[in-house]
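A.B. asks: Give me the fold of what follows.
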Amino acid sequence: MIIFIKDVEIGSFDWSAKPEDQIIDFWITAQLTSGRIIKIFIGPFEERIYKIKKFVNQRIECLLSARISTSFISKYRDHNNFEGVYLGEYEISPLWKSYIKNVSDEGYCGIETEDGEMLIWCETHKDMNLNKKDTYRFNVKQFGIIAWYPLEE
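C.D. replies: Now for the predicted structure:
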């Protein structure tokens, strides 16, 4: 999925840690190709986040993960509601595997949205009885980036 990085903000601190370890997480404000703005959580173990800060106001290609809600989705548009075709199990390509750090590259399922593919953790959603190639509305509780690389340098 191609996203435009609008901003990278520090999320939270650990004031008891050494100065270089005080930043615990980050939030990326990104614009999807449809124009929608999303917030992407980046945890403390994702070392490449320090590099992504230099790509503010630029586009990146990424594998975007989505933690989705399993509860009822309103028909009314919410900025966290998405619609997409369930793709079933998603095999991450060898190209992407070379960019993945500190997360598993297995166990994902894909959803094709108007903005591109989003990945969800299959095990978490096995009770939802999703059928391959059917269209679903879902609410994203939190976005993450599994892997990324810059499109412009």
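
A.B. asks: can you count the residues close to Ile100?
C.D. replies: 15 (other Cβ atoms under 10 Å). Any C-beta I mention is one placed from the backbone N, CA and C, and that applies to glycine too.

A.B. asks: wait, Phe138
C.D. replies: Applying other Cβ under 10 Å, we find 24 residues neighbouring Phe138.

A.B. asks: Need the phi and psi values for the residue lying closest to it once chain neighbours are set aside.
C.D. replies: Excluding the flanking residues, the one nearest Phe138 by Cβ to Cβ, 6 or more residues apart in numbering is Ile68, at 4.5 Å. With angles defined as degrees, to the nearest 10, Ile68 sits at phi -110, psi 150.

A.B. asks: Pairing-wise in the sheet, spell out the partners of Ile68.
C.D. replies: Val140 (DSSP bridges).

A.B. asks: So it is in contact with Trp121, correct?
C.D. replies: No: using Cβ atoms under 8 Å, Ile68 is not in contact with Trp121; the gap is 9.3 Å.

A.B. asks: now the strands: where do they sit in the chain?
C.D. replies: 2-13, 23-32, 37-42, 58-68, 81-89, 108-113, 116-121, 135-150 (DSSP state E).

A.B. asks: Reformat those as CSV; add mean pLDDT and distance to Leu95.
C.D. replies: As requested, those are arranged in CSV below (pLDDT from 0 to 100; distance: least, Cβ to Cβ, whole Å):
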stretch, mean pLDDT, distance to Leu95
strand 2-13, 86, 15
strand 23-32, 85, 21
strand 37-42, 92, 21
strand 58-68, 93, 10
strand 81-89, 92, 18
strand 108-113, 94, 15
strand 116-121, 93, 14
strand 135-150, 90, 9
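
A.B. asks: To Tyr99, which of the ones you listed lies closest?
C.D. replies: Smallest distance to Tyr99 across those (Cβ to Cβ): 3.8 Å, for strand 135-150.
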